[in-house]
Structures are given as structure tokens and as C-alpha cells.
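J.: turn this into a model:
(one chain, ligands or ions: 1)
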Amino acid sequence: MKITAIETHVCHARMRNWIFVKIVTDQPGLWGWGEATLEWHTRAVVGAIEDISQLLVGEDPRRIEHLWQMMYRQHFWHGNGIVRGTAISGIDIALWDILGKVHNVPSHELMGGRVRDYIRLYCHLGGGKMEDFYETRPDDAARFGELAQKAVEDGFTAFKSMAVPETMPLEGLKPIRYAEACVKAMREAVGEDIDIMVDCHARPSPLMGMQFAKALEPYGLYFFEEPCWPETMDDIALIQRAVKTPIASGERLVGIHQFRDLLEKRAVSVIQPDITHCGGLSEARKIANLADAYRVAVAPHNPQGPVSTAASIELGFATPSYAICESVHNDVPWRDEVVSEGFTVEKKGRIVRPNTKPGLGIEINEAVVKKHPFQQEVLQRTFYKDGSVGDW
Ligand SMILES: [Mg+2]
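T.: Residues are numbered from 1 along each chain as shown. Sure, this is the predicted structure:
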């Protein structure tokens, strides 16, 4: 059995170009789907996958770990940067899809079998509509409450918000009070049975991140995400020591070594590997196992396309420390036309029942993908009021 081609199929989905990876084999009807979506880096990732193809075409797709080692190590520059890491991830996911199809079992059965009956999904405020999630004004707490209520009406028992505004390295109380008011409005709208998450997008400086974390501690957040840059893990650790709120981070990290550093510093209570960036399902499994040694929960970052979701779900059914999965359902109205899925989502509670089809259980409709060719992603960026560059 041999790999004969590695194709990329780019599908423009408004905020992102989904990069689907199709690995074709010499066996009739046997191929695998992966995803390597990296917003604002689409051409670079497509090029990186083309570069890696040189290593893999002609190889046996069933030797996933062997091929992973080749991708990571055999072009001299280790695959631990975000572009190469994302390219490797997309290919690795497709290999797990193929292996499941070869053995006629869902991929999670190849990872030790099912460890739970269902997986809980959480949504973004607005369900993936970028204006609701990213552009609700921090002085409009009532709108945060309305969107929170809508998430619960849509069946979710957990949701994430961006209630921490863009913040200069030093600011007074105003942004803190905005964040408090938004979280208070959401808590009052949904009560205490619903889990609320706040993502800081690593906007604050470490000390501002600390102030936000302390101000929001009374609201019992499920987790508080990226309170400052992932480059400053020691500062994330200080924040985690200062509050009882679980701190989460990891969506920008690639490879087990970066997660090792995060875990060794006891910086977080939740890691958020992105299976389409961290090194694919192969590396995500190693990262999850490492986190298990620290009793740290896994909640994958997953705002991208449907193959990313399928891979995140397969991992969850085989990973004991997996807590919850990020999801978007309202980013483009034709999302369901692009993919058929092997798992089922129950509307009440938005819980996922296991995939019963081979591999990831999905098929991508290439004709629908072709209707949405590459377009440059909408620019999202921040300048502070003095004109200096901030984090979006
Ligand atoms: Mg995030």
C-alpha cells in the first residue's frame, strides 16, 4: 500500500480558509481527509504541504508514527513552527483516517478504544458568527447577556466569550470594570448551572492579566483562557497560583516540548492543543498523556472546519482527561453541505455521540468546496488609541 498524492483543497469560509488535506493511495477508493487550516497563512501552509509531499509519496500510509518522524525531522529544520506544524498536522490527521478505513473501525478504536459515552461541546457567543464573538462592544454588557441566553436556547451548557477588552500594557480600572460587567450580565442571564469561559486572546500584559483574573474570580468561570502571551509561561503560572479559576492555554503551541514547558511550570489547569497545529492526532495523544501525569485537563482549540472537529472528537473518545470540545456551527450557512459526519450531535445539551464509521467517519463534498475558492481572509487587527500595535 502506497501514498500516491497529497492534495490540498482550500475552501473559503469567511473568517478562515479551511485547508482540507486529501491523501490518496494506490488502493482503489482508499483516501484520507485531514485539515490544516491556519488563518492568514493559507498559501504558506499549502506550500509547506507540497514540500512535505516529497518525503511521503510512495510510502506506506499505515506507518503513521514513522511518517510523522520523517515529516518532523527529515528536512533538517524540525517541524515545530506554526506553518510546518500545521502542515504536518493536516497530513497526520488524514493518515489516521486512512488507518481507520483500512481496519474498518473508527479512529478512536485504534487509540485504545472508547473511554466515555459522549463529549460535551461548547460554543462561542454567536455560535461562530465573528461579529458577535469578536465585535460585541465591551461597554455593552447587556448584549453579552443576550448572546449568552441565546447559546443556552441553542442547547449548549457551556460557552465562551471575549469579555476582556483589548488592553494597553498599563490601564486603570475601566477595562476591568467592563469585563466584570460583561461576565456578571452573562452569569445573571444563564444562572449557575451553565459553564462560562472567557478568552483573553493573550491581549493583556501579565499584570493586567492578573487583575482581570482576580476581578473575574467570583463569577466561577469554567476556565480563563490565555490571560497573557504564551511566550511568558512563568507569568501564566503566577496567575494560576493567584486564583482558583482554572487557567487555560496552548492553542498557539506546537509539539510536545512546548507543552512540556507549560506543564512543568504548573502554569495551567487546562491545556488547549489544536489538533490541526500541534502535530496532529499523533502529537496530541502524546501531549494529552503528558498532561495526564500532571492531572491537567484537555480541551482542544477547535474553531476551524469540520475535519478539525471530527479529529478533535475522535481524540476525545479515547482520552480520559478530555473535558470539553470547542465548536462553531454558525460561521457559514453551508457548513453542513461540505461534510457528512459519522458522529451525531444531540441538540439538548449539545453532546456528541461516538462516530460509528471507519476512520474519522467523514466525507468532504469536493463539489461544494469548489464553490468557495480561496479568498484573502478579512483582516483582524488592533491598534491602541495612541496608534501603537496591540493584540487582536
Ligand atoms: Mg483562544
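
J.: the residue sitting nearest the centre point of the chain is in what secondary structure piece?
T.: For the chain, the residue nearest the mean C-alpha position is His301 (2.0 Å; CA atoms, centre = their mean). Here His301, judged by DSSP states H and E, is contained in no helix and no strand.

J.: any idea how far Leu262 is from the residue nearest to it when sequence neighbours are not counted?
T.: With sequence-adjacent residues excluded and distances taken as CB to CB, 6 or more residues apart in numbering, His301 is closest to Glu251, at 3.6 Å. Where you see a C-beta, it was placed from the backbone N, CA and C, and this is true even at glycine. Taking CB to CB, to the nearest Å as the measure, Glu251 falls 12 Å from Leu262.

J.: check Pro227 and give its pLDDT.
T.: With respect to pLDDT, Pro227 scores 98.

J.: ok, Trp40 next?
T.: Model confidence at Trp40 (pLDDT) stands at 97.

J.: what's the lowest-mean-pLDDT helix or strand in the chain in contact with?
T.: Lowest by mean pLDDT, DSSP states H and E among the helices and strands of the chain is helix 130-135, with a mean of 81. The contact list for helix 130-135 (CB atoms under 8 Å, 6 or more residues apart in numbering) reads 14-15, 124-126, 147, 161-162, 331, 378, 380.

J.: which residues touch the residue nearest to the centre of the chain?
T.: 250-251, 272-274, 277, 326.

J.: Val368 now?
T.: Contacts here follow CB under 8 Å, 6+ apart; on that basis Val368 touches 11, 334, 337-338.

J.: relative to Pro320, how far out is Met111?
T.: Distance from Met111 to Pro320, counting by CB to CB: 11 Å.

J.: please identify which of these two sits among more neighbours.
T.: Met111 (20 against 11; other CB atoms under 10 Å).

J.: my guess is the more buried one contacts Ala318. True?
T.: Yes - judged on CB atoms under 8 Å, Met111 makes contact with Ala318 at a distance of 3.7 Å.

J.: between those two, which contacts overlap?
T.: In contact with both Met111 and Ala318: Arg285, using CB under 8 Å, 6+ apart.

J.: surely Ile176 and Gly209 touch.
T.: No - assessed by CB under 8 Å, Ile176 is found out of contact with Gly209, at 11.1 Å.

J.: contacts only, for Val105.
T.: So Val105 contacts Pro358 (CB under 8 Å, 6+ apart).

J.: I meant Asp261, not that one.
T.: Counting by CB under 8 Å, 6+ apart, Asp261 makes contact with Met233.

J.: please determine how far it is located from Ser249.
T.: Distance from Asp261 to Ser249, by CB to CB: 11 Å.

J.: Tyr118 now?
T.: In terms of CB to CB, Tyr118 sits 26 Å off from Ser249.

J.: neighbour count: the two, which is higher?
T.: Using other CB under 10 Å as the criterion, Tyr118 and Ser249 rank with Ser249 on top: 29 against 16.

J.: show the pLDDT at the more buried one.
T.: pLDDT, read off for Ser249, is 98.

J.: if I've got this straight, Asp234 is in a helix?
T.: Yes - assessed by DSSP: H, G, I helix; E, B strand; the rest coil, Asp234 belongs to a helix.

J.: share the number of residues neighbouring it, please.
T.: The tally of other residues near Asp234 (other CB under 10 Å) stands at 10.

J.: contacting residues for the closest residue to it other than its chain neighbours?
T.: Nearest in space to Asp234, with sequence neighbours left out and distances taken as CB to CB, 6+ apart, is Lys265 at 6.2 Å. Neighbour list for Lys265: 233-234, 236-237 [criterion: CB under 8 Å, 6+ apart].

J.: output the below-cut-off pLDDT ranges for this structure.
T.: Nowhere does the chain drop to pLDDT under 70.

J.: domain ranges for it?
T.: Following automatic domain parsing, the chain resolves into domains at 3-105, 110-359.

J.: quick check: end-to-end length of the last one?
T.: Its first and final residues considered, domain 110-359 spans 9 Å by CA to CA, to the nearest Å.

J.: I'd like the distance from it to the chain centre, please.
T.: Put simply, domain 110-359 sits 8 Å off its chain's centre (CA atoms, centre = their mean, to the nearest Å).

J.: now do the shortest one
T.: Centroid separation for domain 3-105 versus its chain: 17 Å, with CA atoms, centre = their mean.

J.: beyond the lengthiest helix in the chain, next helix or strand please.
T.: Identified as the longest helix of the chain according to DSSP state H is helix 82-103. Sequence-wise, the next helix or strand downstream of helix 82-103 (DSSP H and E) is helix 107-110.

J.: how much space is there between Trp229 and Ala202?
T.: For Trp229, the distance to Ala202 - CB to CB - is 5 Å.

J.: what do those two both touch?
T.: Common neighbours of Trp229 and Ala202 (CB under 8 Å, 6+ apart) are Asp391.

J.: state the distance from Leu125 to Ala5.
T.: 41 Å.

J.: of those two, who's got more company?
T.: More crowded of Leu125 and Ala5, by other CB under 10 Å: Leu125, with 25 against 13.

J.: just give the nearest non-adjacent residue to that one, would you?
T.: Per CB to CB, 6+ apart, closest to Leu125 is Leu147, 4.1 Å.

J.: quick one, what contacts Gln375?
T.: Applying CB under 8 Å, 6+ apart, we find Gln375 in contact with 12, 17.

J.: now it, what's its secondary structure?
T.: Classification of Gln375 by three-state DSSP places it in coil.

J.: hmm, back to that, going by neighbour count, which residues in the least confident helix or strand of the chain are buried?
T.: Within helix 130-135, the residues that count as buried by 16 or more other CB atoms under 10 Å are 130, 132-133.

J.: helix or strand right after it?
T.: Counting by DSSP H and E, what follows helix 130-135 is helix 141-153.

J.: list the helices and strands whichever helix or strand Leu207 is part of packs on?
T.: Per DSSP H and E, Leu207 falls inside helix 206-216. Judged by 3 or more CB pairs under 8 Å, 6 or more residues apart in numbering; DSSP states H and E, helix 206-216 is in contact with helix 174-190, strand 223-225, helix 233-242.
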